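Colleague: Sequence and computational prediction follow.
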Amino acid sequence: MKLWLLDADVIIKFLEIDVFDKLVGLHKIHVSSSVVDEVRFYRRNGKRIPVNFRVQYIDTNLIIECAASVDEIRRVLNCLPKLKRDSIHAGETESMAILVRDESLTMCTFDAAALRILPFLNVSERAVSAEYLLSISGLTLSSGNRIDSRLSEQYFKSKLDEGKKDFIYSFSGKR
């Protein structure tokens, strides 16, 4: 699968629960340029573990780095109501622009604001929860790790449903 990891948070969480390198071996993973420099460390067993993401994953061609043009970012922003534009940061906007551009990508994130804007960009069907991604990848958590509720299918669906309602209301004048 051509997997699009939307933001640093999902990468860091996958590092923390010790599944990231396994995902790298199973999928063709893509990330935006703005995300690459945001992944600096993760925590495991109370210890801070440094990561040089560019050297370990980008320079070794294990992960593909992508960038969006200013015009692509502008098109994404033009699809969103002001309140939605204000809820996502520049890195997420760049990531969304690339997701919109490359229809072969399947996205994974647990960022609530990002999940809520997917219906506005018509890309909801190309997003999966972390729990679902781990399941279809045949991965289980290392002993002692439990799935964070934000990674669950239930959380994913609830945030996506909120976004769908917001999308419908944005056209009905009820906002």
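Modeller: Structure received.

Colleague: any idea which helix or strand comes after the helix or strand bottoming out on mean pLDDT in the chain?
Modeller: Every helix and strand in the chain was compared by mean pLDDT, DSSP states H and E; the lowest is helix 82-87, with a mean of 86. With elements assigned by DSSP states H and E, the helix or strand that comes after helix 82-87 is helix 90-101.

Colleague: Any chance you could list what contacts the helix or strand following that following helix?
Modeller: Per DSSP H and E, the first helix or strand lying C-terminal to helix 90-101 is strand 106-108. With CB atoms under 8 Å, 6 or more residues apart in numbering as the test, strand 106-108 has contacts from 1-6, 10, 99, 123, 126-130, 133. The way it works is simple: take the backbone N, C-alpha and C, and place the C-beta from them, glycine included.

Colleague: Among the residues you listed, which are located in helices?
Modeller: 10, 99, 130, 133 (DSSP state H).

Colleague: what's the closest non-adjacent residue to the third one?
Modeller: Residue nearest to Ala130 in three dimensions, not counting chain neighbours: Leu151, with 3.7 Å by CB to CB, 6 or more residues apart in numbering.

Colleague: again with Asp148
Modeller: Closest to Asp148 by CB to CB, 6+ apart is Lys13, at 6.5 Å.

Colleague: elements contacting the host helix or strand of the one you found?
Modeller: Here Lys13, judged by DSSP H and E, is contained in helix 8-16. Using 3 or more CB pairs under 8 Å, 6 or more residues apart in numbering; DSSP states H and E, the elements in contact with helix 8-16 are helix 20-26, strand 41-44, helix 130-136.

Colleague: Which one of those lies nearest to Arg85?
Modeller: helix 130-136 (25.3 Å; CB to CB).

Colleague: Looking at the lengthiest helix in the chain now, give me its mean pLDDT.
Modeller: The residue-count maximum for a helix in the chain (DSSP H) belongs to helix 153-172. Mean pLDDT, computed over helix 153-172, is 90.
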